[in-house]
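[1] I need the structure of the sequence given here:
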Amino acid sequence: MTKNHPPLHPLRILDFSWVLAGPYATRILADFGAEVIKVQPLLPEADDTFSRGYYDTWNRNKLGVTLNLSKPEGIDLARRLVAISDAVVENFAPRVMANWGLDYSNLQKIKPDIIMLSMSLMGQTGPRRDYTGFGTTVHAFSGMTYLTAYPSGPPPGLGFSYADHIAGLYGYLALLGALEHRRKTGEGQHIDLSQVETMSTLLGDAFVDYALTGKEPQPVGNTSSQAAPHGVYHCKGEDRWCAIAVYTEDEWRGFKKALGNPPWCEESRFVTLSARLKNAAELDRLVQEWTVQHTAEEVMETLQRRGVASGVVQDARDLANDPQLKSRSFFIELEHPELGKTISDASPIRLTGTPATYERSAPTKGQDNDYVYRELLGMSEEEIAGLKKQGVI
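    Numbering: from 1, shown residues only. Reported below is the predicted structural model:
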């Protein structure tokens with residue numbers, strides 16, 4: 001029986017990206033068979049911006065080559081790698097690739113049908129095109145930080161780089177679309193992806209509401225204009241919580257049954273959704289009087305049996321022991337040449353015929369220099385030795 005090639009074989013992606021957004025996009029490509037060549041800067045380990053665990057998480061299944069782009073010889077090697085690649089991915093400010101002479105107009109001269117994915121903070125055009133920032137900056141610019149706050153007090157932010165994940169997913173999908181367009185037409189193109197704009201698309205109807213009514217959307221914390229109860233409720237135990245959302249009358253009836261039909265559920269202030277929304281604060285207090293008597297797991301299971309949306313607010317320990325994730329083999333083990341056995345998350349994309357594969361951990365510095373420079377570029381041992389001596393690789 002002939003083994004199927006992974007769906008993205010034999011695409012080759014030259015990956016200049018760093019931190020999370022770009023590496024996340026290219027990790028998905030690598031999981032499904034693309035040959036991703038990660039360009040690693042020549043920096044001592046102590047000078048790396050992010051931890052080893054962080055780097056290993058977002059760069060599995062990739063090849064790694066060291067390359068010093070501050071030297072002309074390094075730029076020349078990069079250009080030679082572009083010539084044998086299908087796409088180039090980067091997430092710097094626009095000026096960075098241009099300063100190296102590796103912007104899209106120059107890459108086209110090397111390989112006319114090249115696809116370039118640029119994932120900058122603000123996009124390739126506009127008065128703020130050269131602004132830089134990380135996930136928290138993107139959240140702030142996009143409006144997400146403001147709208148995910150509570151009505152009083154300063155906006156706390158999301159607590160992790162959600163924007164990088166969203167930009168990575170957008171970038172991955174956009175690159176697949178560009179590759180399909182090239183397959184049909186033979187044309188390459190430049191994908192200009194603004195990370196701020198990707199996050200702004202998640203604000204949903206806030207833009208339309210403001211345009212139609214002139215009313216500025218306000219942060220509402222955990223409340224909802226369409227559901228009550230709706231929030232995160234304290235349960236038995238230290239720092240244990242369960243999220244609950246009741247939208248429809250059917251769900252409300254299921255909710256009442258789950259609680260044993262307490263008399264307060266039939267009071268006029270709670271009998272309709274509009275009444276529950278009007279008296280949401282008092283409703284939340286009563287709901288929590290019930291939840292604190294039970295573990296988060298008990299609350300979730302009791303409500304789920306009645307068709308009520310609910311879920312334990314899981315921490316790392318909960319996730320590691322989650323029976324659903326375990327049953328779907330969500331956690332994978334990879335052997336790292338320096339760290340030994342490592343555990344990470346599998347791809348949530350499940351293809352029955354050509355599933356994701358996990359063949360190698362993130363590359364160590366220059367791990368694949370020989371394969372890429374000698375086999376792919378056809379360089380001699382003398383050339384490679386000379387470049388090492390010059391500090392190019």
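
[2] Within the helices and strands, which one has M97?
    Using DSSP states H and E, M97 sits in helix 94-99.

[3] just checking, what packs against that helix?
    strand 115-120 (3 or more C-beta pairs under 8 Å, 6 or more residues apart in numbering; DSSP states H and E). (Each C-beta comes from the backbone N, C-alpha and C, glycine too.)

[4] right, and the helix or strand after the helix holding M97?
    Downstream of helix 94-99 (by DSSP H and E), the next one is helix 104-110.

[5] Show me what that following helix is packed up against.
    Using 3+ C-beta pairs under 8 Å, 6+ apart as the contact criterion, the elements in contact with helix 104-110 are helix 72-83, strand 115-120.

[6] got any ranges where the chain has weak pLDDT?
    Applying pLDDT under 70 to the chain flags the ranges 1-3, 43-50.

[7] check contacts around the residue nearest in space to the middle of it.
    Residue closest to the average C-alpha location in the chain (C-alpha atoms, centre = their mean): H165, at 1.6 Å. If a contact means C-beta atoms under 8 Å, 6 or more residues apart in numbering, then H165 has L20, A21, Y24 as its contacts.

[8] Now the helix ranked longest in the chain: buried residues?
    Counting by DSSP state H, the longest helix found in the chain is helix 162-185. By neighbour count on 16 or more other C-beta atoms under 10 Å, the buried set for helix 162-185 is 162-168, 170-172, 174-176, 178-179, 182.

[9] likewise stretch 351-371?
    Within stretch 351-371, the residues that qualify as buried are P355, A356, Y358, R360, S361, A362, P363, G366, Q367, D368, N369, counting by 16+ other C-beta under 10 Å.

[10] In helices only, show me the residues you listed.
    Members of these lying in helices (criterion: DSSP H): N369.

[11] Throw the buried residues of stretch 351-371 into JSON lines and include distance to Y247, thanks.
    Shown next, in JSON lines, are those (distance: C-beta to C-beta, whole Å):
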{"residue": "P355", "distance to Y247": "35"}
{"residue": "A356", "distance to Y247": "34"}
{"residue": "Y358", "distance to Y247": "38"}
{"residue": "R360", "distance to Y247": "45"}
{"residue": "S361", "distance to Y247": "43"}
{"residue": "A362", "distance to Y247": "42"}
{"residue": "P363", "distance to Y247": "47"}
{"residue": "G366", "distance to Y247": "54"}
{"residue": "Q367", "distance to Y247": "51"}
{"residue": "D368", "distance to Y247": "51"}
{"residue": "N369", "distance to Y247": "56"}
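
[12] Looking at the buried residues of stretch 351-371, which one is closest to Y54?
    Nearest to Y54 among those is A362, at 9.9 Å by C-beta to C-beta.

[13] For G366, give me its contacts.
    Listed by C-beta under 8 Å, 6+ apart, the contact set of G366 reads Q40, G64, V65, T66, I393.

[14] The first one and A362, how far apart?
    In other words, Q40. 10 Å (C-beta to C-beta, to the nearest Å).

[15] of the buried residues of helix 162-185, closest to S194?
    A167 (8.6 Å).

[16] residue contacts, that closest one?
    A21, A25, N91, M119, V138, L193, Q195, T198, M199.

[17] What is the most widely separated pair among the buried residues of helix 162-185?
    Spatial extent of those (C-beta to C-beta) is set by the pair Y162 and R182 at 30.8 Å.

[18] in a strand, that's where K341 is, yeah?
    Yes: assessed with DSSP: H, G, I helix; E, B strand; the rest coil, K341 lies in a strand.

[19] For burial, what's the neighbour tally of it?
    9 (other C-beta atoms under 10 Å).

[20] do the same with A34
    25.

[21] Likewise for D315?
    11.

[22] related to what we said a few turns ago, just give me the closest of the contacts of H165 to Y150.
    Nearest to Y150 among these, with distances taken as C-beta to C-beta, is L20, at 26.8 Å.

[23] Give me the phi and psi angles of the closest residue to L77 other than its chain neighbours.
    Take L77 and drop its neighbours on the chain: the residue closest to it by C-beta to C-beta, 6 or more residues apart in numbering is L67, 6.0 Å away. When read as degrees, to the nearest 10, the backbone of L67 gives phi -160, psi 120.

[24] I figured L67 was touching G74, is that so?
    Yes: applying C-beta atoms under 8 Å, one finds L67 in contact with G74, separated by 5.3 Å.

[25] a helix runs through K326, doesn't it?
    Yes: using three-state DSSP, the assignment for K326 is a helix.

[26] Show me where the stretch 251-393 of the chain has its helices.
    Taking DSSP state H, counting those that start in this stretch to define them, one finds helices in the stretch 251-393 of the chain at 273-278, 280-291, 296-305, 316-320, 323-327, 369, 381-389.

[27] returning to what we had before: okay, and which of the contacts of G366 map to strands?
    With DSSP state E as the criterion, strands contain Q40, G64, V65, T66 from among the contacts of G366.

[28] For burial, what's the neighbour tally of the residue nearest to L77?
    Using other C-beta under 10 Å, L67 has 25 neighbouring residues.

[29] so who does it touch?
    Taking C-beta under 8 Å, 6+ apart as the criterion, L67 is in contact with V39, Q40, P41, L42, G74, L77, A78, V392, I393.

[30] try L8
    L8 neighbours (C-beta under 8 Å, 6+ apart): L29, F32, G33, A34.

[31] which pair in these spans the largest distance?
    L29 and G33 (8.2 Å).

[32] can you list residues touching both of these two?
    Common contact partners of L29 and G33 (C-beta under 8 Å, 6+ apart): L8, L11.

[33] V208 versus E187, what's the distance?
    E187 is 35 Å from V208, by C-beta to C-beta.

[34] Considering the contacts of G366, which is situated nearest to G311?
    Comparing the contacts of G366 against G311 with C-beta to C-beta places G64 closest, at 38.2 Å.

[35] now the closest one, which residues is it bridged with?
    For G64, the beta-bridge partners are K38 (DSSP bridges).

[36] Run a quick check on it versus Q40, I expect a contact.
    Yes: with contact defined as C-beta under 8 Å, G64 reaches Q40; the gap is 5.3 Å.
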